[in-house]
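**Student:** I'd like to go over a predicted model; first the sequence, then the structure.
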Amino acid sequence: MAVQTILKDAKRQRLREEGGAWLKKQREEAGLTQKDLSEILDLKIYTFISQIELGRGKIPSDRYKEWAKALGLDEYEFAKKILYYYEPSIYELFISKK
């Protein structure tokens, strides 16, 4: 049982890191620095962006729409992609079965 938990945690972390890399790419393609994005999103600490891009944090789900807009992305497509990285089981249930 402990080995399964460790494997799940490793997979979850790998997905978060991949998601962070994807977010960084989107930010850079939008021509924004981490500080620019944090100002657009009215974040008090711009290093929060860095933590997310490194896979050490998650975007709160109630802020997906704001992030999508700040990055110039479609809200639905953004949320779908983030769910893939943050909540793969929910993604499987609702998105990939369509």
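**Tutor:** Received it, and whenever you're ready, just let me know what you need.

**Student:** Flag every buried residue along the longest helix anywhere in the chain.
**Tutor:** Assignment by DSSP state H gives helix 2-29 as the longest helix of the chain. In terms of neighbour count (16 or more other CB atoms under 10 Å), helix 2-29 has its buried residues at 15-16, 19-20, 23-24, 26-27. Using the backbone N, CA and C atoms, a C-beta is placed for each residue, glycine as well.

**Student:** Select, from those residues, the two members most distant in space.
**Tutor:** Spanning the widest gap among the buried residues of helix 2-29 are L15 and R27, at 18.6 Å by CB to CB.

**Student:** quick one on the thing from earlier: residues contacting the first helix or strand past the longest helix of the chain going along the chain, please?
**Tutor:** Using DSSP states H and E, the helix or strand that follows helix 2-29 in sequence is helix 34-40. Contact with helix 34-40 is made by 27, 32, 45-50, 53, 70-71, as judged by CB atoms under 8 Å, 6 or more residues apart in numbering.

**Student:** what does stretch 60-76 give?
**Tutor:** Taking CB under 8 Å, 6+ apart as the rule, stretch 60-76 contacts 23, 26-27, 30, 32, 37, 40-41, 59, 77-79, 82.

**Student:** mind checking how far it is from the chain centre?
**Tutor:** Distance of stretch 60-76 from its chain centroid, counting by CA atoms, centre = their mean, to the nearest Å, is 10 Å.
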